[in-house]
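Novice: Predicted model follows, preceded by the sequence.
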Amino acid sequence: MAKKVAVINEARCDRSPFCPVKRVCPVHAVKGSMFAAPTIDESLCIGCGKCINYCPHGAVKLISVK
Ligand code: SF4
């Protein structure tokens, strides 16, 4: 079965320092500095999808990776 990981669409991200996506990840896979679009460490992400519902701009989605 293909692994799923979250990816962030930088074009949708507003680079808020209060980004809720950074806070909700249970494995701390979402990295980033204050005013930059966050990045997701694929090696840590467990594909739970929790972060998707927290982005107010719909910038996060899950994709399948090999
Ligand atoms: S899908 Fe789950 S594990 Fe992956 S970045 Fe989002 S909250 Fe974290």
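Specialist: Structure received.

Novice: Next, count neighbours for P17.
Specialist: 10 (other CB atoms under 10 Å). In short, each C-beta sits where N, CA and C put it, glycine included.

Novice: what separates it from C55, distance-wise?
Specialist: 15 Å (CB to CB, to the nearest Å).

Novice: mind listing the strands for the chain?
Specialist: Taking DSSP state E as the test, the strands found in the chain are 3-8, 30-31, 39-40, 60-65.

Novice: Tell me which of the ones you listed approaches G49 most closely.
Specialist: strand 60-65 (5.6 Å; CB to CB).

Novice: Which elements pack onto that closest one?
Specialist: Applying 3 or more CB pairs under 8 Å, 6 or more residues apart in numbering; DSSP states H and E, one finds that strand 60-65 makes contact with strand 3-8.

Novice: all helices for this structure, in order.
Specialist: Using DSSP state H, the helices assigned to the chain run over residues 20-24.

Novice: Within range of the ligand, give me the residues from it.
Specialist: 6, 24-25, 27, 29-30, 40, 45-51 (CB under 6 Å from any ligand atom).

Novice: which of these are buried?
Specialist: Neighbour-count burial within the residues of the chain next to the ligand applies to 6, 25, 29-30, 40, 45, 47, 51; the criterion is 16 or more other CB atoms under 10 Å.
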